[in-house]
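In: what's the 3D shape of this:
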Amino acid sequence: MNRILVLGIGNPLLSDDGAGIVCLAWLRRDHPPADGVVYHETGALDLSFVTALTCCQRLLVVDAGRTGDAPGTVHLLEGEAMDRMVACRGRTAHEIGLGDLLDLARLTGWQPPVERALIAIEPASLAWGARLTPAVAAAVPFAARLAMAVVQRWSHEDDGSGSPRSSLATASHAAAP
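Out: As a prediction, the model looks like this:
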């Protein structure tokens with residue numbers, strides 16, 4: 001069983017929807033996964049992905065997500081805050097959303113990890129295009145650093161040497177004007 005699954009979601013052919021995939025590429029390049037950490041990217045979620053979800057102890061998802069904020073705004077949503085975000089239809093461009101997969105996994109008796117988080121990057125465009133918009137491209141390094149901070153916090157909790165878990169349910173970084 002993987003201790004930590006970092007999942008980058010997105011369609012790189014739909015402009016900013018590819019933000020999760022691009023962020024995961026940054027992580028792979030600058031922070032190769034440590035033991036017990038798995039990086040996985042998917043262009044689209046499908047029902048076969050339920051198995052990957054049920055094999056992790058902690059889940060970190062990076063995806064474009066509509067929050068209504070300025071394009072490029074990055075939000076960290078943990079635990080129940082993540083659950084509320086993924087339960088809302090229309091927040092992502094995916095036919096089958098993360099909330100659908102979590103619900104399906106629950107039907108099999110699986111319980112979501114206590115430690116789960118979503119890094120949502122507000123898109124400017126989900127139109128056809130193979131590049132991120134400037135605001136979202138500028139937000140990717142912050143999102144990658146935020147993802148690495150979450151993974152490091154969880155890793156320290158596993159070895160008992162880390163700081164106590166933050167009670168912060170959401171954190172955000174606004175896009176530059």
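In: count of residues packed around residue 98?
Out: By other C-beta atoms under 10 Å, the residues close to residue 98 number 26. For glycine as for every other residue, the C-beta is placed from the backbone atoms N, C-alpha and C.
In: so residue 138 versus residue 71, what's the distance?
Out: 10 Å (C-beta to C-beta, to the nearest Å).
In: more neighbours: which of these two?
Out: When neighbours are counted by other C-beta under 10 Å, residue 138 and residue 71 differ, and residue 71 comes out ahead with 18 against 14.
In: what is the least confident helix or strand in this structure?
Out: strand 170-173 (a mean of 54; mean pLDDT, DSSP states H and E).
In: could you say what helices and strands the strand or helix carrying residue 39 packs with?
Out: In this assignment (DSSP states H and E), residue 39 forms part of strand 37-42. Packing contacts for strand 37-42, counted by 3 or more C-beta pairs under 8 Å, 6 or more residues apart in numbering; DSSP states H and E, involve strand 2-9, helix 19-30.
In: list the buried residues of the helix or strand where residue 153 lies.
Out: Using DSSP H and E, residue 153 falls within helix 134-159. Within helix 134-159, the residues that count as buried by 16 or more other C-beta atoms under 10 Å are 135-136, 139-140, 142-148, 150-151, 153-155.
In: likewise for stretch 10-28?
Out: Neighbour-count burial for stretch 10-28 [16+ other C-beta under 10 Å]: 10-12, 14-27.
In: likewise stretch 33-41?
Out: 36-37, 39, 41.
In: which member of those is positioned nearest residue 99?
Out: residue 41 (19.0 Å; C-beta to C-beta).
In: distance of the closest one from residue 66?
Out: Residue 41 is 20 Å from residue 66, by C-beta to C-beta.
In: circling back: next, the angle from the helix holding residue 153 to strand 37-42.
Out: 150 degrees (axes from the mean of the first three to the mean of the last three C-alpha atoms, to 10 degrees).
In: re the thing from before, can you give the strand pairings for the strand holding residue 39, parallel or anti for each?
Out: strand 2-9 (parallel) (DSSP bridges).
In: contacts for the partner strand, please.
Out: 20-25, 27, 33, 36-42, 45, 52-53, 55-63, 92, 94, 98, 147, 151, 154-155, 158 (C-beta atoms under 8 Å, 6 or more residues apart in numbering).
In: give me the mean pLDDT for that strand.
Out: Averaging pLDDT along strand 2-9 yields 88.
In: kindly format the C-alpha coordinates of it as CSV.
Out: This file holds the C-alpha atoms of strand 2-9, laid out as CSV (Å, rounded to 0.1, in the frame of the first residue of the first chain):
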residue,chain,number,x,y,z
ASN,A,2,1.3,3.5,-0.9
ARG,A,3,1.4,5.8,2.0
ILE,A,4,0.9,8.9,-0.1
LEU,A,5,-0.7,9.2,-3.6
VAL,A,6,-0.2,12.5,-5.4
LEU,A,7,-2.6,12.6,-8.2
GLY,A,8,-2.4,15.2,-11.0
ILE,A,9,-5.7,15.4,-13.0
